[in-house]
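> build me a model from this:
(one chain, ligands or ions: 1)
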Amino acid sequence: MTVSDSGGCGGGIFESGELNFCTQLSENNHRSDILRTPASAYSGLRVLRPPAGHAYSGLRVLRPPEAGVRTPSPEGVQAAWESPILDITLSQLIQGATTPEDTARYRALRDKFAGAWLNALPSPQLGTLLSNESFRIAVSLRLGCDVCQPHKCPCGAQVTGRGYHGLSCRRSAGRWSRHEAANNVIARALRSAEVPCIRESAGCSTQDGKRPDGMTLIPWSRGKSLVWDVTCVDTFAPSYLPETVRYQGAAASKAEDSKRRRYAFLLDRFIFVPVAMETTGVWGQEGLLLINQIGERIAARTGQPNAVTFLRQRISLAVQRGNVASILGTLPEGKELEEVYYF
Ligand SMILES: [Zn+2]
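A predicted model of the protein is given here:
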């Protein structure tokens, strides 16, 4: 089983044999000019037909195109091979999940960009390198493995081997670091797009003194400045689990609604965008749209076509780092790492 994010399908569930199978099929399409003609584009399927009843049976969607229909570009073929397998495998996993947490985790995997951090180039110079320990915990969370021995959080709650309590513990330091890191990435990205901004502008305070996380100093759109507020909610938190079990992204969507209500009074003067993410990496739709827009502006200014992808990866990494800090934050004081964690 791999942890890769394959073809933007939020995978992480491919077995190596399945991945090889898709690669082989797509390479067949790349290498043979004959296969690129509409009449025989998928004739390779006769040779590589999967056994009946296997997850590969999803490949039926790759039937030969009808006459006059343009053949898919070779570059897109591998993702097309993988997509039906991922859908079927995920559906089977969701149906077979034995705990609500597993069901919610599998649903989160369907998010196209939940695994963006896995595709980041690991570079210490770029700040995209996760330490071995951070990577171990992040991958364990994604795969639903145990990350530690059961122990008691300083708040008094019991932490299971999966470590989920740390992701939503009110006393966890990771919540703050995750929030700060994501905001810093957004602020830097806006400046890269030549949109100056400040953090926590006093002019946007609510009656109880709360301020949104940032504001652009020049208009963002329709003559209004952008005001944003970041929040990261836990997919597995008891308050969200009943909904994340049923709907992918339910927690992020709920958090967006909550932020929008809180800052509704700003809408006549500003463009307010809630940037909500879940600990599993699922994006809220409004925040994702904003991040894409910022990335596109950077791309337009710098000529770097991957700016949007890089920006999503950086925020995704910030969430994972926050998860790691949150889980490490449940360690009882005075206890050494090696007493609690697996190696
Ligand atoms: Zn706690």
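
> so how far is the ion from P122?
30 Å (Cβ to the ion, to the nearest Å). Placement of C-beta: from N, CA and C, glycine included.

> tally of neighbours for that residue?
Using other Cβ atoms under 10 Å, P122 is surrounded by 10 other residues.

> and it, what pLDDT?
What the model reports for P122 is a pLDDT of 92.

> ditto for the one 5 residues further on
In the prediction, the pLDDT value recorded for G127 is 87.

> burial count for I327?
When neighbours are defined as other Cβ under 10 Å, I327 has 27 of them.

> isn't it up against C148?
Yes: applying Cβ atoms under 8 Å as the test, I327 and C148 come out as touching, 7.1 Å apart.

> wait, R199 touches P212, no?
No: when contacts are counted by Cβ under 8 Å, R199 is not listed as touching P212 (9.5 Å).

> okay, the two: which has more neighbours?
P212 (23 against 14).

> so what's that one up against?
By Cβ atoms under 8 Å, 6 or more residues apart in numbering, P212 lies in contact with 200-201, 204, 227-229, 263, 266, 272.

> would you format the residues you listed as TSV with pLDDT included?
Below are the contacts of P212 laid out as TSV (pLDDT from 0 to 100):
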residue	pLDDT
E200	81
S201	76
C204	74
V227	95
W228	96
D229	95
Y263	90
L266	89
F272	95
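
> please tell me which one of those counts the most neighbours.
Tallying neighbours with other Cβ under 10 Å puts W228 at the head of the contacts of P212, with 28 neighbours.

> helix, strand or coil for that residue?
Here W228 is strand, with the state taken from DSSP: H, G, I helix; E, B strand; the rest coil.

> isn't it up against I186?
Yes: counting by Cβ under 8 Å, W228 does reach I186; the two are 6.5 Å apart.

> L311 and R188 touch, don't they?
No: contact criterion Cβ under 8 Å: L311 and R188 do not qualify, at 9.5 Å.

> so C155, which of the three states?
Going by three-state DSSP: C155 is coil.

> relative to the ion, how far out is it?
3 Å.

> how close does that residue sit to G163?
14 Å (Cβ to Cβ, to the nearest Å).

> which neighbours do W228 and I186 have in common?
Common neighbours of W228 and I186 (Cβ under 8 Å, 6+ apart) are 213-214, 275.

> looking at those, spot the one nearest R142.
Nearest to R142, judged by Cβ to Cβ, of those is V275 at 21.4 Å.

> let me know the secondary structure of the residue lying closest to the closest one once chain neighbours are set aside.
Leaving out its chain neighbours, the residue that sits closest to V275 by Cβ to Cβ, 6 or more residues apart in numbering is G287, at 3.4 Å. Assigned with three-state DSSP, G287 falls in the helix class.

> return the residues in contact with G287.
230, 252, 256, 273-277.

> hmm, 7 Å instead?
273-277 (Cβ atoms under 7 Å, 6 or more residues apart in numbering).

> ok, and the most crowded of these?
Going by other Cβ under 10 Å, M277 tops those with 31 neighbours.

> that's a helix at that residue, yeah?
No: per three-state DSSP, M277 lies outside any helix segment and is strand.

> show me which of the shared contacts of W228 and I186 is closest to T302.
Nearest to T302 among these, with distances taken as Cβ to Cβ, is G214, at 21.2 Å.

> isn't L311 right next to G295, touching?
Yes: contact criterion Cβ atoms under 7 Å: L311 and G295 qualify, at 4.3 Å.

> neighbour-wise, which of the two wins?
Between L311 and G295, L311 has the larger neighbour count (other Cβ under 10 Å), namely 24 against 21.

> sec struct for the most centrally placed residue in the chain, please.
The residue lying closest to the centre of the chain (Cα atoms, centre = their mean) is A114, at 1.8 Å. Counting by three-state DSSP, the backbone at A114 sits in coil.
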